[in-house]
Every structure is written in structure tokens, then in C-alpha cells.
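Engineer: Next comes the sequence, and after it the predicted model I'd like to discuss.
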Amino acid sequence: MFRDLHLVVEFTPGALKLGMITISNGLMEEIANCQDDELLMTKRDLIVRGTTTEFKVGPDNILRCNGRVCVLDAKELRNTILEEAHKSKLSIHPGAT
């Protein structure tokens, strides 16, 4: 399941901070539930027709673009994701603070 997140780790000398971010099943379910948007449904249709390699649906039924989870610009969902990131010990911009 961890490999399905398509996380990338980059090392920057002098700016290494170790931490952990936990994406709960509840958050992933919330993302999946918000993917019934008309625009995202057209992307799913492209997958069914076989006219895109950019978009794929994973075994968790979540739409991804080039391996990244597609998230609508929904204020509540965006705030939930930002809160999860803020609560984690992961530094979003190492060395920037």
C-alpha cells in the first residue's frame, strides 16, 4: 500500500529533516467520494475508452494523474489535507523556516 502513494524522497545536504505523514483511510475515502465531479468523471471516461495513459484508477478506486491522486479544489477537502500535513512532523519546505 505504501508504494501506491508514489512518494518521492529527495536529499538536500544540510536540510535533512525526518518525519512521518499518515494518510488515514478516512481521508482517502473522502477524496474518493469527491471524485464524482463532472470533470473527473470525464477523465474516468477517457480511461474506459483507452484514450489516455496519463490517468489511471487504482485498486482503491481513486483517480490518479501520472501517479498522483486527483483532488478537487473543494475548500473543505483542501483544508482537511492541509490540516493533516500541518499536524504531521514532515517538513513541507525543509530549511525554509
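Structural biologist: That came in fine, so what should we check first? Numbers count the residues shown, from 1 in each chain.
Engineer: What ranges in this protein fall below the confidence cut-off?
Structural biologist: 1-25, 88-97 (pLDDT under 70).
Engineer: Do a quick rundown of the strands in it.
Structural biologist: Assigned by DSSP state E, the chain shows strands spanning 55-57, 63-65, 68-69.
Engineer: Adding mean neighbour count and distance to residue 39, write those out as TSV.
Structural biologist: All C-beta atoms are positioned from the backbone trio N, CA, C, and that covers glycine. Below are these laid out as TSV (neighbours: other Cβ atoms under 10 Å; distance: least, Cβ to Cβ, whole Å):
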stretch	mean neighbour count	distance to residue 39
strand 55-57	16	11
strand 63-65	17	10
strand 68-69	14	15
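Engineer: Figure out which of those is closest to residue 38.
Structural biologist: Proximity to residue 38 (Cβ to Cβ) singles out strand 63-65 among those, at 13.0 Å.
Engineer: Please name every helix or strand in contact with that closest one.
Structural biologist: With contacts taken as 3 or more Cβ pairs under 8 Å, 6 or more residues apart in numbering; DSSP states H and E, strand 63-65 sits against helix 38-49, strand 55-57.
Engineer: List just the one of the ones you listed that sits closest to residue 71.
Structural biologist: That would be helix 38-49 among the helices and strands packed on strand 63-65, by Cβ to Cβ, at 9.5 Å.
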